[in-house]
Structures are given as C-alpha cells and as structure tokens.
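Student: Please work out how this folds:
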Amino acid sequence: MEPEGARDKASFMLQAKSLGLPMSNSSERSSYMAQIMLRIFAAAFTLAAICVMTTSSQSVVVLGFTFKAHYSYSSAMRFLLATNAIVCAFSMLSVIFVYCLSRSGSDLKKCFYLFLHDMVIMVLAISGCAAATAVGYISRYGEEKMSWMAICNRVGKFCNEMTISMVLSYLAFFSYFALAVMSSNKVMYQVGP
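Tutor: Residues are numbered from 1 along each chain as shown. From the prediction side, this is the model:
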C-alpha cells in the first residue's frame, strides 16, 4: 500500500508545482542557489569586461601622425564602463541580500523589491550594451551614407578587445534577464491565483 501512497503523493506534488502552489524546501533552496550563482556570474562577467576594456589600447601611425585608440575617447564606451561598474557592484550587494533572504524566509514584499532590482539592473545593462554596440558597429563597418569611415581595419586589436568586452557585458545582461524571469516567477507564485 505504501508504494501506491507514495506515488499518489508524488503525483499531488507535481500537480501542486504546476499550479503554482508553494515549493518544497529543497526546490526553494535550489532556486536561491541558482539566483546566487547567476548574480556571481553577472559580477564576474562585468568585472572581466571592465578589465578588458580598461587595459585595451592601440596606437597607429598614419602619414607620420600617431593616433591612439582608447575606450575613454568614446562616450558610449565610457557609458558601458560605468554601467558595468554599477551592475558589478549591485550584483555583489544583491548576493548578500539573496543570501539573507534565503536564511530569513521570503515574503512577497522582499521578493517584489528583488524583482524591481533585477529589472532595473537588466535595463541598465542592456542600455550600456546597446550604446556600445552601435558605436562598435560604426567603428567596424563605417556608415557610407554619413561618410563615416570604419576604423577597425587600422586598429584591429583594439576593436577585437572591445568586442570581447561587449560580449562579456551581454553575458551579464543575459544573467540578469534570467534573474528577472526567476524573480517574476517567484513573485507571481507568492501572490497566487
């Protein structure tokens, strides 16, 4: 009789999860661990992007004149650096908050604030990525109608390092996108049907 009772209980738990009823302790614990790991990944990606961006520069000589490419010469790249620094700092702070939240238990108000935090950081991250991508595209391919020449054929090493930095920034954005989905899901299940 026990195997049938255990099967019925497992079936009930599966139905309860699909209806959005409260999760068990092990699934809630793994949810918190996933959130902490994604926040650590976001912080690591942005820190790596900052390191790559600040250390990359290249000088070229054209017709006897020396030109230097550096991130600080572009307002979009400076904006990306600032957004990466903010995302990194708030990611580390949110790791502490999520850890404390996992210890004290979650309520709807705290989950909602975490959801808002994730949304704001996600939008900030994509705004920095979008600005840098627009400038990077023009730097790599130019814009013939506006008579803007591509410069990446002259400073290829610099452009490749900026591309690596932008890819790392996009990875941080995708980490926060996943966190926003997880947070909204948690808030939705806390409110209930």
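Student: Please count neighbours and contacts with C-alpha atoms only from this point.
Tutor: Fine.
Student: which SS state does Val60 fall under?
Tutor: Here Val60 takes the strand state, with states given by DSSP: H, G, I helix; E, B strand; the rest coil.
Student: which ones are touching it?
Tutor: 66-68, 154-155 (Cα atoms under 8 Å, 6 or more residues apart in numbering).
Student: which one of these is nearest Ala130?
Tutor: Val155 (21.5 Å; Cα to Cα).
Student: Could you report the neighbour count for that closest one?
Tutor: 19 (other Cα atoms under 10 Å).
Student: Look up how far Phe67 lies from Ser94.
Tutor: Computed as Cα to Cα, to the nearest Å, the Ser94 to Phe67 distance reads 42 Å.
Student: Just the buried subset of the contacts of Val60, please.
Tutor: Among these, those classed as buried by 16 or more other Cα atoms under 10 Å are 154-155.
Student: Filter the contacts of Val60 down to just the ones in strands.
Tutor: Judged by DSSP state E, the contacts of Val60 include 66-68 as members of strands.
Student: how far away is Tyr71 from Asp107?
Tutor: Distance from Tyr71 to Asp107, by Cα to Cα: 43 Å.
Student: My error: substitute Leu81 in the last question.
Tutor: 35 Å.
Student: the more surrounded of Tyr71 and Asp107?
Tutor: More crowded of Tyr71 and Asp107, by other Cα under 10 Å: Tyr71, with 20 against 12.
Student: What pLDDT does the model give the closest residue to the more buried one other than its chain neighbours?
Tutor: Leaving aside its chain neighbours, Tyr71 sits nearest to Met77 (5.6 Å; criterion: Cα to Cα, 6 or more residues apart in numbering). Looking at Met77, its pLDDT reads 93.
Student: Packing partners of whatever helix or strand Met77 lives in?
Tutor: Using DSSP states H and E, Met77 sits in helix 75-104. Using 3 or more Cα pairs under 8 Å, 6 or more residues apart in numbering; DSSP states H and E as the contact test, the elements touching helix 75-104 are helix 25-55, helix 108-141.
Student: want to try JSON lines for the ones you listed, with mean neighbour count and mean pLDDT as columns?
Tutor: Listed next are the helices and strands packed on helix 75-104 as JSON lines, based on neighbours: other Cα atoms under 10 Å; pLDDT from 0 to 100:
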{"stretch": "helix 25-55", "mean neighbour count": "19", "mean pLDDT": "90"}
{"stretch": "helix 108-141", "mean neighbour count": "18", "mean pLDDT": "91"}
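Student: Output the ones you listed as a markdown table; include the columns distance to Tyr189.
Tutor: Shown next, in a markdown table, are the helices and strands packed on helix 75-104 (distance: least, Cα to Cα, whole Å):
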| stretch | distance to Tyr189 |
| --- | --- |
| helix 25-55 | 12 |
| helix 108-141 | 9 |
